[in-house]
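Peer 1: sequence-free structure coming up:
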């Protein structure tokens with residue numbers, strides 16, 4: 001008995017079998033393609049085209065170095081410069097934003113910063129923008145946000161400082177971890193020169209030492225620009241507790257204490273006018289009362305007082321700020337049961353006076369109170 005498998009296969013059967021197999025392959029291919037092109041459930045069509053807008057995954061770290069980035073730029077002809085620094089370290093605590101640009105009234109960004117002073121910026125040729133928020137102590141936050149007209153001479157000095165700071169050694173560096181809080185540290189720098197050279201640095205999770213060096217190198221020039229414009233530069237001092245306040249900025253220092261006991265009461269003031277120091281003070285000890293009224297003192301004595309003050313690296317709180325916490329610790333103008341203390345400082349070119357608070361004391365430094373007593377005793381004789 002013959003079975004089906006034993007029967008010979010006709011040519012017609014072979015053709016039908018081939019057609020069936022091809023049809024099955026085509027159907028499977030169509031289904032596979034349709035599944036791949038199915039839009040995502042959230043409606044994002046980017047997956048259909050094969051391009052996505054996904055951000056880097058939190059914690060993803062990328063590091064690279066542009067081999068073409070110049071490590072030294074001799075040109076002083078800056079077209080644009082932008083620096084952004086945020087940190088919460090023992091030294092730098094707060095944010096700093098700096099911009100220097102050739103002024104172009106047709107640039108909407110620069111025009112907004114210029115406000116109603118467009119003609120001033122057109123005449124000077126450049127626009128300098130400074131933004132500072134020093135928040136080491138939140139209740140005494142210190143900040144400025146200002147745009148100033150500057151000229152070619154300023155820009156040339158600025159460019160020379162940038163070059164001398166050593167920042168160009170890390171030009172082209174990219175070291176970024178996504179998802180980190182800003183206060184973990186951010187340093188972003190970009191610059192363009194007429195020579196075609198450029199600066200480009202992006203770093204987070206820390207602020208490079210050369211970035212801090214650049215800030216400290218530029219700070220005196222920025223203080224001068226703010227002082228000449230009659231603006232407050234103290235936030236630049238508060239941002240960085242790692243360096244002392246420049247001694248030449250001190251205008252007055254006042255330290256006093258009123259107590260029911262005469263020997264525990266004192267009042268001292270140093271005033272500096274046109275480089276000359278004047279001392280006023282009074283206190284009582286076992287030898288009697290010592291008193292002087294704004295007498296001229298030797299430059300060495302004036303410098304000694306200022307040095308004793310700045311070496312304690314205070315944070316400067318505006319004198320009209322009030323501490324709403326009802327705590328007196330660290331706040332230098334307070335009333336206790338029997339004692340009223342006052343400690344203030346003023347700076348050249350700044351209208352307001354400040355409370356020096358939360359100093360970083362060094363045992364090797366002279367005590368300001370002791371120096372005052374010694375000099376009042378000397379000039380009251």
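Peer 2: The structure has been received and is ready for your questions. Keep in mind that this is a model prediction, so the values were computed, not measured.

Peer 1: which stretches of the stretch 251-381 of the chain form strands?
Peer 2: Across the stretch 251-381 of the chain, reading from the start of the chain, the strands by DSSP state E, counting those that start in this stretch fall at 266-273, 276-285, 288-296, 315-318, 339-347, 353-357.

Peer 1: got those strands as TSV, with distance to residue 119 columns?
Peer 2: Bear in mind the C-beta positions are built from the backbone N, C-alpha and C, glycine included. Putting the strands of the stretch 251-381 of the chain into TSV (distance: least, C-beta to C-beta, whole Å) gives the following:
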stretch	distance to residue 119
strand 266-273	36
strand 276-285	40
strand 288-296	44
strand 315-318	33
strand 339-347	31
strand 353-357	35
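
Peer 1: right, so of those, which gets closest to residue 233?
Peer 2: strand 339-347 (7.8 Å; C-beta to C-beta).

Peer 1: now for the closest one, which elements pack on it?
Peer 2: The criterion is 3 or more C-beta pairs under 8 Å, 6 or more residues apart in numbering; DSSP states H and E, and the helices and strands that strand 339-347 contacts are strand 250-259, strand 353-357.

Peer 1: mind listing residues that contact the longest one?
Peer 2: So the one you mean is strand 250-259. In this structure, residues lying in contact with strand 250-259 by C-beta atoms under 8 Å, 6 or more residues apart in numbering are 264-272, 305-306, 309-310, 338-348, 353, 368-369, 372.

Peer 1: the closest residue to residue 212 other than its chain neighbours: how many residues sit nearby?
Peer 2: Nearest residue to residue 212, sequence neighbours excluded (C-beta to C-beta, 6 or more residues apart in numbering): residue 92, at 6.1 Å. One way to gauge burial is a neighbour count; for residue 92, by other C-beta atoms under 10 Å, it gives 23.

Peer 1: residue 105 too?
Peer 2: 12.

Peer 1: list the residues that contact it.
Peer 2: Taking C-beta under 8 Å, 6+ apart as the contact definition, residue 105 lies against 111, 114, 118, 121, 122.

Peer 1: closest one to residue 149 out of the residues you listed, please.
Peer 2: residue 121 (4.8 Å).

Peer 1: shaky segments in the stretch 201-350 of the chain?
Peer 2: 320-338 (pLDDT under 70).

Peer 1: ok, which of the strands of the stretch 251-381 of the chain comes nearest residue 249?
Peer 2: In this view, the strands of the stretch 251-381 of the chain are compared for proximity to residue 249 by C-beta to C-beta, and strand 339-347 is the closest at 5.0 Å.

Peer 1: tell me the predicted confidence for residue 1.
Peer 2: pLDDT, residue 1: 45.

Peer 1: actually residue 152, not the one I wrote
Peer 2: pLDDT, residue 152: 97.

Peer 1: that one contacts residue 126, doesn't it?
Peer 2: Yes - at 7.3 Å, residue 152 and residue 126 qualify as touching, with contact defined as C-beta atoms under 8 Å.

Peer 1: and those two? which has more neighbours close in?
Peer 2: Neighbours were tallied for residue 152 and for residue 126 using other C-beta under 10 Å; the higher tally belongs to residue 126 (20 against 14).

Peer 1: residue 189: which element?
Peer 2: Here residue 189, judged by DSSP states H and E, is contained in strand 186-193.

Peer 1: neighbouring strands - and their directions - for that strand?
Peer 2: With DSSP bridges as the test, strand 186-193 is paired with strand 78-88 (antiparallel), strand 198-204 (antiparallel).

Peer 1: list of residues touching the shortest one?
Peer 2: Residues outside strand 198-204 that contact it (C-beta under 8 Å, 6+ apart): 66, 69-70, 73, 81, 162, 167-168, 170-177, 180, 184-192, 208, 211.

Peer 1: filter the residues you listed down to the buried ones and hand me the PyMOL line.
Peer 2: To isolate the buried subset of the contacts of strand 198-204 in PyMOL, counting by 16 or more other C-beta atoms under 10 Å, use the following:
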select buried, resi 69+70+73+81+162+167+168+170+171+172+173+175+176+177+185+186+187+188+189+191+192+208+211
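
Peer 1: please state the offset of stretch 291-301 from the chain centre?
Peer 2: The gap between where stretch 291-301 is centred and where its chain is centred comes out at 38 Å by C-alpha atoms, centre = their mean, to the nearest Å.

Peer 1: what does it rub up against?
Peer 2: If you take C-beta under 8 Å, 6+ apart as the criterion, stretch 291-301 is touched by 269, 271, 275-282, 375-376, 378-380.

Peer 1: let's see 6 Å
Peer 2: Applying C-beta atoms under 6 Å, 6 or more residues apart in numbering, the contact partners of stretch 291-301 are 277, 278, 279, 280, 281, 282, 375, 376, 379, 380.

Peer 1: what's the burial count for the first one?
Peer 2: In other words, residue 277. Using other C-beta under 10 Å, residue 277 has 23 neighbouring residues.

Peer 1: ok, now the third one?
Peer 2: By the other C-beta under 10 Å criterion, the neighbourhood of residue 279 contains 23 residues.

Peer 1: got it, and the fifth one?
Peer 2: Residue 281 sits with 24 neighbouring residues when counted by other C-beta under 10 Å.

Peer 1: in this structure it contacts residue 376, no?
Peer 2: Yes - under the contact definition of C-beta atoms under 6 Å, residue 281 touches residue 376, with a separation of 3.7 Å.
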